[in-house]
Structures are given as C-alpha cells and as structure tokens.
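>>> Model the structure of this input:
(chains A and B)
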Amino acid sequence: MSKLTFLLGAAISMLGSVFGQSLEGEFRKEGREVRASYDEITKIFQASSAVLYEEIARGYGVVMSAEGDVLVKTSEFDLLENPSVVVAKKRYRDYKILAASSEWDVTLLRITGGDFEPITFAESEPSHGTIVLSNSSSTRLRRRTQLGVIAANARAVGKGDLAVLGIAMTQVDPDYVRVDGVSPLGGAHDGGILKGDQLLAINGHAVTTKELVPDLLDDKKVGDIVEIVVSRKVLPEEPSEPQEVEDPFLFVEDHPAEVEELTLEAELRERQIVFPEQRTRNDMMSGEFSERRTNFPRVLQHDTSLAQRTVGGPLVTLDGNCVGMNIAFASRECSYAIPAKELKELHQELLSQANL
Amino acid sequence: MVWGESERHYFNDLRAPESVEDLLNIERALKAQLPVTRAATVCLELGEEKGSGSGVIVSANGLILTAAHVSGGVNRTIEAVMEDGTRYPVRTLGLISDTDAAMAQIEGEGPFPFVEIDRENSTLLGDWIMSLGHSGGFDEERGVVVRLGRLVRMASRTWQTDGDLIGGDSGGPLFDLHGKLIGIHSRVGKVKGESLHVPMSNFLENWDELLGSQFVGRGPFAQRLSGYLGVKIEEDEESGEVSITEVLEGQAAERGGLQAGDVLLSLGEEELKGSEDLVTRLKKKTEGDTVVLGYRRDGEEGEVELKLGGHE
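Next up, the predicted model:
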C-alpha cells in the first residue's frame, strides 16, 4: 500500500522543477506557430463543425449533410437549457432534435435556414500514429484546432450491454441465481425486486446461470420493459401462540419454508446512470472529463487534448478528411472518437428512426 | 524522403512546422518507428494492489530500463507483460533514487525485441518526440499507447515534454523520431502538457551501478529497505547455534546457494551469537548490501557472498 501512495505522490507532483533552457509557448505542440502550419485544415472546421453555444462554446457537432444534419454528443447537449448552434459564422436558433442513440451517446439535429457544407469522410481508417486534428476552444466567429496522433488500436471500450437491470447476482448453486444487491437507481429496484430474491426467468427464459442474464438482455434497449419471475421467501407472520407439536419433524413436513413466486416488471436503464462511475487516481489527474466516456461499441483513441466542452466535433487527418467524431475526453492523455464508418451508419440509422 | 541513420530530421531544425507537408513528414517518421518501439515497450506489474508501470527493453537478452519509483527497490521480483500479453518474471537491478532511474532484467529466454539508446545525447530543445507506455495498466486490445510532443525544457537530470502522460506510463520510454531511446517517463505536472522524464545521460553515467544492482542516492523516488536474507531459522537451545529451517523462494539466501539445514556461523568478520544477534545485525544492513556469511553444511565449513534483498 505504501508503494501505491508513493506512486501517486510522485505522479501528480512536480518534484524538482526543471530549470535550464525552455521552448517558448508559441512553438509548443499546441502553440500559435505550430497551429499556423495547418491553418488550411482549420478552415474545414470553420465550415463543417458546429458549435453548441450557450453564453460560451459548450460543445461541438459534425455537419453531416447539406440539409443541415448535425450530430452532437447527447450527454453534453442534454445539459444545456437553450443552446444555439453556430456553423461557419452564423448562429442558428431554429433546429429540430430528430433522433438519438443511447448506444453511441449521439443526437441528430437538423438546422434550417442556411447553406451547409458537410464534412468529407476518409475512405479508410487512420493507422496508429496518424496525425489528427480536433476542435479546440473557439469564439463565436472563429474555430481553433489542435493536433495529436492516433494513439492506440481501435476497439470497443467499456462493458457493452448498455441497458441494465441494476442488480448484482451470485450463483448459489447450479440453476440457482440469487439477487445479491439492487442499485437504488435501477429499474429492478423500482420494479420491486429485492435483495435475496431467486431469479427464475427473464421474459419467459429460465435463468440458470448469472452469465445468461446479459445474453437475455442483449437485444434490448434502454427504456424497454422486461418481465422477471422471482422466487421470494415469505417471512412467517409472528405466531400469536406457540404451537404445540408432539413430533417436531411433523411440523417441518407440514410447513416447508414458504416461498412465493412473483412476476415483476422492470425497466432497463443506462449502465452509466444505474452504476455511477468511481473516480480513480488517474481520473483525479485528468480534471473534468466527459459525462459519458465509456461503453462505446468501437472507438479510435487519440491524444488531441480535449476537454469536457470540446467533444462532439470531427476528427480530421492532414488530408482534410474526417475519420471520426470526438465522443469523449476519457482522461488526461486519452480521447475517443466514433470511427467514420460507424458514424455514417449511425447517421442513416437516426434518419430512418426519424422517418426521414 | 529518406534520412540517414544519424542525420537529424530537418523538421527538428524548424522553429515550428511551416506547412502541412512538414507535419506529414513528422507523421511518416513517427509511423516508421512505431512497430519496433511498441514491441520493446513492456508493462511492469508490481503485484497485487501495487499498481503497474512501464519499461523498455534495451538488449536482446532482456535488459529493461524503467523508473526507480516503479522498480521500487533492488533485487525484487516483478512481472513484465509484452504487448501481445506474454508474461515474464523480472528481477530489479540497481536504481538512482534521486533522479528516478532504474534497471531490471527479464528472467527468460531471449532474444527479446529491443530498442537502441541514444548514446550521443543528440537531442536538442524543440525536437519532436514520442512517448510510449501502458497507460493505466495493460490492455491487450488497446495495445501500447503513443503520444506526440516536443522537448520543451532541458536540465541536466530532467527533461520536460508537452506530450501527455498518466499513471501507468511511469518508467515508459521517450523516443526521438529516429526511434532512439532518449528518456524514461517519471512524473507529470498539475496541468496537462507537462511531462517530466529522466534523460538517457543519467542512465549512461550510472550504468555500472545500475547493472551492479546498487541502490544509489537517498530518494525521493525509492526508499531503502532493511536487509532481507529470506530464510527461516531456529536456534539450538544448548549450543546457541543458528540453523536454517527453510529457504524462501526467489530471495537472497536461495540465490546465494544456502540450503535448509545449513548452520550459520558468522556474518561479515564477526561470529554469530544466536538468532537475535543475526536479526539485529541484518536490520542494520539495507537492500542491495553485499554480505559474507560463514556456514557449516554436513560437517564442512564454507563461506558465501550474497547481495541482500529488501523487506517491507
């Protein structure tokens, strides 16, 4: 334990500051002189990234179509009361929320009353080490961008199975799965499931192992209602008179421990809401990270230095093509983007959800 | 464009890149070095609840450079995880406790993938660099994480870059864009974009001490532990002789060849006066100290020189 503490101490403090020669700020990775070298690509962000504006820039979006389709990050967008959307130099107050995906944490907006220049997508996925650009802080009139690289392999992050009941389970015996904990924020709790219940069936399928439960919920979405059958021990009512029984075993045979079978309904809710994340030491080193930063089916990881308020915009390579949409500032050195391929599919899916 | 092996990249001599083409050349150089540098970057797991750091292999037989606050001490056993998930036991060698430099050795059959050290100290302020490491611990699907930056401050024993690091990166490698190892990650500042590294010169100046498993300096990156032999002993009630009842695996006594049943006669110049005397005198020693033990086995007397481990 002492070593962990020291690791922590050493990792977050400036032990022995560095004297000696120093590179001026404007020449550093995020400095003005370095930014000037890719000014022509920043123009793409000016035209095809959207800014969610509420007094200041609070988030970004990707302009997907000439009709004014813009994808934004749901969990940050939902925090805003009455944002306007800025594209190029124009502010739009007139937009509709068409559809949303809880799986990807993305909302589709449609802005009206302007000419829009959609982002151009790359044909292939960027490999490890490819230089990428993201939105940085911006004013209402001007976008700024910052530079980094694709930092790791593209992959799924988090535990998946986004829609959860909000229970912890124990395999007591083969065929006997017991509820060992109920999150007060989950649908199971509100549906009346109690700690100690034996899970018998979910939507008509027998529950024999706890590993089976995620499989049974696999095709379900947040908001779906599932039917759960549980077996629950009935607490004996306080006997008014001690019963006199000659043969004590006779009593046991006549009165087995009473259980009742209950059929309950529970709503599936988002894992992030039901099981709030614990902050780790690395989180404390990272400041304000994104509201939701895990459980994405697939992401590109990069090191452009996002902040909670700079997610949502496009991730662009040096040829000016979009390779993804920034979806989370996960930690100090780690940002996630939805890959272009999945983003284009998602756009189509959300359009059909909105019957467009 | 092709550059010679020792030639400097032209973009390092620009105060800032002047065009997208310059950035593309930085990208090409970085990508060219990634396969080799990734393969040589290991995750170092310190044991249950002790967390993990990173390290880098610098020879085909598995010599590792890392940070002192990761290796934690001399002659300890930790575990290295390669990018593909292969695991090897690792013995920690020497460390420089006041700069955060350390060395360790994979105990396994090579050859291992390794990187070259920049022995010429050819890096200059403003050079573009890449930081690798197993950020936040080993993750096979994610792989080794790379970050881009510039060398923004240089002092004799500490360098600063503006690539971002996090817990788990400690001990990982800092490379120039020729793929030469120029530093080891040590710690970060409170704001983003402040990462501190131990330059290779500090390792090269102390190479013999590191290789010789010495504990150099007085911290703050590692604390000396009291000396640990790694045996269970009993004292004969009549003669007062101390004999070994069990030799613990992987500890100093085992490495020195001591066996259960050996009677310990002396420590250094002086004879042993019972088990309490042995314990008291060992406590005055620290890990990494070399001691000479006299013993008797099957009626024959012998001497063994061994390097003490540490005990928490």
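
>>> Report the central residue of chain A.
Chain A has A:Arg292 as the residue nearest its centroid, 3.8 Å off, counting by CA atoms, centre = their mean.

>>> Quick check: phi and psi on it?
Here is the backbone geometry of A:Arg292 (degrees, to the nearest 10): phi -120, psi 130.

>>> That one and A:Glu103 touch, don't they?
No - in terms of CB atoms under 8 Å, A:Arg292 does not count as a neighbour of A:Glu103; the distance is 11.2 Å. Where C-beta positions appear, they are placed from N, C-alpha and C, glycine not excepted.

>>> re earlier: any idea how far the residue nearest to the centre of chain A is from chain B?
Distance of A:Arg292 to chain B, given as CB to the nearest CB, to the nearest Å: 18 Å.

>>> Skipping adjacent residues, who's closest to that residue in space?
Of all residues beyond its chain neighbours, the one nearest A:Arg292 is A:Ser75 (4.5 Å), with distances taken as CB to CB, 6 or more residues apart in numbering or on different chains.

>>> Could you pull up the contacting residues of that neighbour?
When the contact criterion is CB atoms under 8 Å, 6 or more residues apart in numbering or on different chains, the partners of A:Ser75 are A:Asp105, A:Ser290, A:Glu291, A:Arg292.

>>> In terms of helix, strand or coil, where does it fall?
A:Ser75 carries the three-state label helix when classified by DSSP: H, G, I helix; E, B strand; the rest coil.

>>> helix or strand for B:Arg38, which one?
Counting by DSSP states H and E, the secondary-structure element that holds B:Arg38 is helix B:20-39.

>>> and for that helix, what are the contacting residues?
For helix B:20-39, the surrounding residues in contact (CB under 8 Å, 6+ apart) are A:37-38, A:40-41, A:127-131, A:147, A:149, A:318, B:1, B:3, B:9-11, B:14, B:17, B:82-83, B:113, B:115, B:128, B:130, B:132, B:143-144, B:146, B:148, B:173, B:175, B:177-179.

>>> so of those residues, which ones are in helices?
With DSSP state H as the criterion, helices contain A:Glu40, A:Ile41 from among the contacts of helix B:20-39.

>>> Show me just the buried residues among the contacts of helix B:20-39.
Using 16 or more other CB atoms under 10 Å in any protein chain shown as the burial test, the contacts of helix B:20-39 include A:37-38, A:41, A:128-131, A:147, A:149, A:318, B:9, B:11, B:14, B:17, B:82-83, B:113, B:115, B:128, B:130, B:132, B:143-144, B:146, B:148, B:173, B:175, B:177-179 as buried.

>>> Quick check: bridge partners of residue 132?
Answering for chain A, as no chain was given. In this structure, A:Val132 bridges to A:Gly148, A:Thr317 when assessed by DSSP bridges.

>>> hmm, I had chain B in mind actually
According to DSSP bridges, B:Val146 are recorded as the beta-bridge partners of B:Leu132.

>>> is it true that it touches B:Thr41?
Yes - between B:Leu132 and B:Thr41 there is a contact at 4.6 Å, judged by CB under 8 Å.

>>> what residues are shared contacts of the two?
Common contact partners of B:Leu132 and B:Thr41 (CB under 8 Å, 6+ apart): B:Ser54, B:Val56, B:Val144, B:Gly172, B:Pro173.

>>> which of the residues you listed lies closest to chain A?
Comparing the shared contacts of B:Leu132 and B:Thr41 against chain A with CB to the nearest CB places B:Val144 closest, at 7.4 Å.

>>> Would you mind confirming that that closest one makes contact with B:Met130?
No - in this structure, B:Val144 sits apart from B:Met130 without contact. The criterion is CB under 8 Å, and the distance is 10.8 Å.

>>> Could you pull up phi and psi at B:Ala253?
Dihedral angles (degrees, to the nearest 10) for B:Ala253: phi -60, psi -40.
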